[in-house]
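Visitor: Sequence first, predicted coordinates after that:
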Amino acid sequence: MNGAKLWFAMSLLVWLPLAGCGGYHGTGGHGRGMDTMSEKAQQEMESLVDQSVQDQDKAKRAKAVVGEMIEEIKQSYQQQRRFHQKLYETNANYEAAPEEFTKILDEANNSRMRSAAKILGLRFKLKDMLTASEWKTLSEGMNRYQSRYGQGRAEGQGGH
């Protein structure tokens, strides 16, 4: 699995479960769900790191980087939810000009790109601390996790 796929798979740990929830549902509920999903992702990733990295000190450092990645994904998700809320509010305003929508979309895209760049930097930080063998084992574990979760979604086992 190449680096882009691993980064994508790490993002999927948090993003895919939320996709089943669909669009914006108001202000309640999703914060707790996101916390639960990020905790589950953190546990899954820590388990994969433990399976991939034998040196406990290195595994501890790798888990810290993975934790930073998951926290960034979580914050990015929350920020994008706020941008969606702004879009809904602007849409409800009969007098809203196209520029108002464009401004929100630009801010959302810029925020998403900053977050993606940060996650990518963390991905390389993680890769640099691991050996090629450890990276391969971690990547294979991520692929198995993503495949297992993706199969459940395809069979209708996912949901809110």
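Guide: That came through, no problem.
Visitor: in this protein, which spans are helices?
Guide: 3-19, 30-52, 56-92, 98-129, 132-154 (DSSP state H).
Visitor: okay, those helices in TSV with mean pLDDT and mean neighbour count next?
Guide: No exception for glycine: its C-beta is placed from N, CA and C like everyone else's. Listed next are the helices of the chain as TSV, based on pLDDT from 0 to 100; neighbours: other CB atoms under 10 Å:
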stretch	mean pLDDT	mean neighbour count
helix 3-19	49	18
helix 30-52	81	16
helix 56-92	95	16
helix 98-129	96	14
helix 132-154	79	15
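Visitor: Could you pull up the residues touching the residue lying farthest from the centre of the chain?
Guide: Largest separation from the mean C-alpha position in the chain: Glu95, at 35.4 Å (CA atoms, centre = their mean). The contact partners of Glu95, by CB atoms under 8 Å, 6 or more residues apart in numbering, come to none.
Visitor: what about Glu71, distance to Lys136?
Guide: Going from Glu71 to Lys136 by CB to CB, to the nearest Å gives 26 Å.
Visitor: Contact partners for Gln79?
Guide: By CB under 8 Å, 6+ apart, the neighbours of Gln79 are Ala108, Ser111, Ser115.
Visitor: what about 10 Å?
Guide: Residues near Gln79 by CB atoms under 10 Å, 6 or more residues apart in numbering: Glu107, Ala108, Ser111, Arg112, Arg114, Ser115.
Visitor: want to try TSV for these, with distance to His84 as columns?
Guide: Below are these laid out as TSV (distance: CB to CB, whole Å):
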residue	distance to His84
Glu107	12
Ala108	8
Ser111	12
Arg112	12
Arg114	17
Ser115	15
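Visitor: Just the closest of these to Lys60, please.
Guide: Ser115 (24.8 Å; CB to CB).
Visitor: I'd like to know how far the closest one sits from Asp57.
Guide: 29 Å.
Visitor: cool, and Gly121?
Guide: Counting by CB to CB - Gly121 and Asp57 are separated by 22 Å.
Visitor: one step back: kindly list the main-chain dihedrals of the residue farthest from the centre of the chain?
Guide: phi -90, psi 0 (degrees, to the nearest 10).
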